[in-house]
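J.: Turn this into a structure:
(3 chains)
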Amino acid sequence: MDDTPMPPLRLDDLDRRRIDAALRGGTSRRDALRLLAAMGLGATAGASLLALPSDARAQAPRKGGRVRAAGISMSAADTLDPAKGSHSTDYTRHYLFYSGLTQLDGTLTPQPALAEEIRHEKAQVWTFTLRKGARFHDGSPLTPADVVYSLTRHRNPATASKVKTVAEQFAEVKASGPNQVQVRLATPNADLPVILAASHFLIVKDGAADFATANGTGPFTCKEFKPGVRTLAARFEGYWKPGRPYLDEVELIGIPDEPARVNALLAGDVQIAIAINARSTSRVKSSPGFAILETKSGLYTDLILRQDQAPGKNPDFVLAMKHLIDREQVKSAIFRGFAVAANDQPLPPTHRYFNASLPQRAFNLDKAKFHLQKSGFAGQKFPIVASAAAEGSIDMAVLLQQSAAKIGLTLQVNRVPGDGYWSNHWMKHPLGFGNVNPRPSADLLFTQFFKSDAPWNVSGWKNDQFDQLLLAARAEADEAKRKALYGDMQVIVHEKCGVGIPVFMSYVDGFTAKLKGLTSIPAGGFMGYMFAEHVWLDA
Amino acid sequence: MSAVARLATLPWPGRIGLAIVAFWLAMAAFGGFLAPHDVGAIVSQDVFGAFSARHPLGTDYLGRDMLSRILHGSRFTIGLALAAALAASTCGTAIALVAATAGGWVDEAVSRVMDAFISIPSKMLALVMVAAFGSSPALLILTAALSYTPGAFRIARALAVNVRTLDFVQAARARGEGLPYIAAVEILPNMVNPMLADFGLRFVFVVLLLSGMSFLGLGVQPPDADLGSLVRENISGLFEGAPAVIVPAAAIATLTVGVNMLIDSVSGRARAVEA
Amino acid sequence: MPEPARGLPGALGRFRGSLPALVVQRVAVGLVTLVVVSAIIFAITSLLPGDAAQAILGQAATPEAVAALRAQYGLDQPGPLRYLHWLAGLATGDLGRSYTAGVPVADLIAGRLPKSLMLAATTAAVSVPIALTIGIVSAMMRGGPVDRALNLITLCMVAVPEFLVATIAVLVFAVKLGWLSALSNAMDIATPTQFVRAYAMPVFTLCFVIIAQMARMTRAAVIDQLSASYVEMALLKGARPARVALRHALPNAIGPIANAVALSVSYLLGGVVIVEAIFSYPGVATLMVDAVTNRDMPIVQGCAMIFCAGYLLLVLAADLIAIAANPRLRHR
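T.: Presented below is the predicted three-dimensional model:
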């Protein structure tokens, strides 16, 4: 952790608040992206400045070279269709070839990308002015039709989009000028620029249906794509960011076995590897010429107690279980310190709406025992379902089992296969585990996973007060009030919801020290899966 | 000669094998009671700890006592592997005898079904079975037995068919002996040796299948782990030479060698006695 | 009176005329076996919870989205009907289309099968001679120190989980020594050096797995024959033991040996998923396991057909060799 590159350059707090206010549809009615430009940072310059560590800025990026990157998975299900991306290797591949309307920086603030300018009316009607000169790999210019097609195709079930439910809020997407696209939302959502930065919403060519190869506006062109074997990308000379990318070629492969991934890195067969196990970090760090990058994030694996059935229906049982979570042990034993203790609510401490006044729930066997006795489930035996699909859940279940045994509760760990976990086990057992990727938008996170009628209301809870606060926060323009609303929601989730969040996990990448320009973008590993356009190889 | 007397006259490799097997059987039976710690208890801050007085076999990737985990784990490895290998070898031999002595369409039909099963990779079968029925010891035994019966059948049948063509079997046929008699009295004794050797290997294969399943995230339910899974879950410790990965691997090796040394000696003796 | 010369290759001549007929018959039977395999695969995979639509959508599998995707893939039809459709396609040589990849299964397999065959062939070429030599030498010196040493070595080799062998090999030869590549994705092989760099470690690992069985079966089979009465007769007549072992016992032991080799080699097609995963080797075993994970049944069936056909061919070869060695088998 000590030798990770410098954190990204941050805007000062005042600027952040102004941007936030603007993003939330504040009184100025000016959008944040134009604001950035007004602050003297050209849109593109702003993005790149934010992406570079200060020490790296001192060295001039060098053009050329080939990097082989090792992701976690590869299979025949690998895809070039952004809508279908289902894991980190897919996301990385999509960012190689496609650009989005916006792009997240190191603070998860959306920066202009294919959209040069973004305006909105009350966060409901959004107008995107497209960047002039952005071209697809086949030479054709970016047009509003491409954007309209890319955003509307998610709603077509035949697309099999992963973000169909998110895209359902796009009430209307239309070309509103020769270089403009207008998106009208069903309800106001100030987070739209954040949402559109996700890899699923990257822009494809109008009418694209056959994704045997990729035709995007991204930094690399697709030289070869063999599902389950490799992806070969070559620099796109016509990329809309001048001077980018630096690398000549990027080869993306998947190595599912973590020790094998680390070995491939240390043997020099790959130059960067994602998802290094915390237990392997010391090995990578102690190898000369290699480094790790820890990206603290909002990624969490949660204990799910279904509140529509016994025993989770009993609030005391829920509290007993939450007090049984030994967060420090989870952090140290399972994640070797590459995690931050969480407080049974989904916003990480780094989030701008994090409620710091909410006391940290501690591991407390006495309280757990008290609540367990009160719940009437003392001395009983329950199965708890865990799977490799939810990272760390098997070990968490085992730790929980140990703690539970001390207060007379028998938990029987039931490990189930990772395949089919999300369809067949997730949210379907009284006691189980889930896993949630970081979502830059608090609204998205609460709406998708905690709203009473959300399809992923994992614990099946129903809290009217929470639902009302959520709607109020979404429409609230005042930043301070909005933060207070989200703060209250965190308290309710912390106290009432059948979701126990032990820790927020870090993403850890390993890379050769020759690879420069790598920094954290907390949306995921590999610089939020976008490393390829930011990094260069030192001679 | 009785089995006990036969064991008493074993040559030295057989005795070593016997001692190792006896040791592991004892571990399987009583290891759980001897374990100083609970199998899932985190007892140390030190992960991949070295050999020490407090933790004679070091600690694992979470800081659990390896001695306790191996004592518990040996029960699964030995129990599951023994049961599955016995089932596979017995069923395989029995079916092969039936097929070989009956001959004709019975042989043909049985052989085709066995061929079909044998060509399904065992790890894939395990993946499907565990996904469909969940992971329990009974299911793991069934899966492993299903995976290895066709292989045992294949070898047993080849042996049986070979024996069948020998003169004394033809003579028995000519005498008008019934098929069960021919199978049990004339053919079976002549294939016992290779089948015993095969059993020893099948035992090893089941041990390895279990560890292979741990690679795919399947197997015994945590916090328990069979020996192969112990190797797998501690593989990161390999690079620092942690006992947590070396000891279970060594345990598998001694178990494997012991079982096979014993079998080799016993089958060698059996031959000598029969001859 | 036993017939000492029984099973000598020369004896085959009498049956040469009917061998093609045998092969034709076995191929026909093999086709039946393929259908049996597909039925078994269909039966056991229909036990799997979930389907391709749910697997593709993962966490995003809302009932509506799943229903739409099922309709698109034809998964809304009853399973047996889909199976019959697939079987009808198979009859015309069409393996169907993958749900997840959206391309013909035959294309996916064609891209990987040559790699799998290359790995299997290389491993077989290395391991079979080693295993047979170990087995025969052990049998001839049975009970002696060489036999015991070889026995111990092969047992220790097979006793190590293959992921451990592979990981240690990578650690030593790729990370520490830098001689070999940690990955064997076999994409850019042009020179023999590159071939060795890519294949050495996977082949090495797989040899660990399969040599022991072949060696032990060879040893057992040869010993079995060595103790047969005709061999004792030959020894009584004054033949040299080594000559007896090679000329008399070995030919009669070939049946079981060939079978053991066929079994072990067939493992090299479908059973090598761990080696493929660790070395990032794009073979068919991984394709099949991934397909099970993704509930992509056409791929699962296609791979099963390939594995079964490969196995049947190996077994046919083994049986032909056995018949050549022991012509009495023709009379069964």
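J.: Low-confidence regions, chain C specifically.
T.: When the per-residue scores of chain C are filtered using pLDDT under 70, the ranges that remain are C:1-17, C:186-187, C:327-332.
J.: could you pull out the strands for it?
T.: Taking DSSP state E to define them, one finds no strands in chain C.
J.: Let's check: the centremost residue of it is which one?
T.: When chain C is reduced to its mean C-alpha position, the nearest residue by Cα atoms, centre = their mean turns out to be C:S266, at 1.1 Å.
J.: list the contacts for that residue?
T.: When contacts are counted by Cβ atoms under 8 Å, 6 or more residues apart in numbering or on different chains, C:S266 touches B:118-119, C:307, C:310-311, C:314-315. Glycine gets a C-beta too; all of them are placed from N, C-alpha and C.
J.: Quick check: closest non-adjacent residue to the residue of the stretch 51-200 of chain A found nearest chain C.
T.: Checking the stretch 51-200 of chain A residue by residue against chain C with Cβ to the nearest Cβ singles out A:P157 as nearest, at 2.8 Å. Spatial nearest neighbour of A:P157, excluding adjacent residues (Cβ to Cβ, 6 or more residues apart in numbering or on different chains): C:A68 at 2.8 Å.
J.: Around chain B, pick out the residues from the stretch 151-300 of chain A.
T.: Taking Cβ under 8 Å from any Cβ of the partner chain as the criterion, the stretch 151-300 of chain A approaches chain B at residues A:257-259, A:277, A:279-280, A:283.
J.: need the residues you listed in JSON lines with secondary structure and neighbour count, can you?
T.: Compiled in JSON lines, those are given as follows (DSSP: H, G, I helix; E, B strand; the rest coil; neighbours: other Cβ atoms under 10 Å in any protein chain shown):
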{"residue": "A:D257", "secondary structure": "coil", "neighbour count": "20"}
{"residue": "A:E258", "secondary structure": "helix", "neighbour count": "17"}
{"residue": "A:P259", "secondary structure": "helix", "neighbour count": "23"}
{"residue": "A:N277", "secondary structure": "coil", "neighbour count": "20"}
{"residue": "A:R279", "secondary structure": "helix", "neighbour count": "24"}
{"residue": "A:S280", "secondary structure": "helix", "neighbour count": "24"}
{"residue": "A:R283", "secondary structure": "helix", "neighbour count": "22"}
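J.: And the lengthiest helix in chain A, what's buried?
T.: The residue-count maximum for a helix in chain A (DSSP state H) belongs to helix A:479-496. Neighbour-count burial for helix A:479-496, with 16 or more other Cβ atoms under 10 Å in any protein chain shown as criterion, is recorded at A:479, A:482-490, A:492-494, A:496.
J.: Which strands and helices lie in contact with it?
T.: With contacts defined as 3 or more Cβ pairs under 8 Å, 6 or more residues apart in numbering or on different chains; DSSP states H and E, the packing partners of helix A:479-496 are helix A:13-23, helix A:442-449, helix A:464-475.
J.: ok, which pair from the buried residues of helix A:479-496 is furthest apart?
T.: Using Cβ to Cβ, the buried residues of helix A:479-496 reach their maximum pairwise distance at A:E479 and A:K496, which is 26.1 Å.
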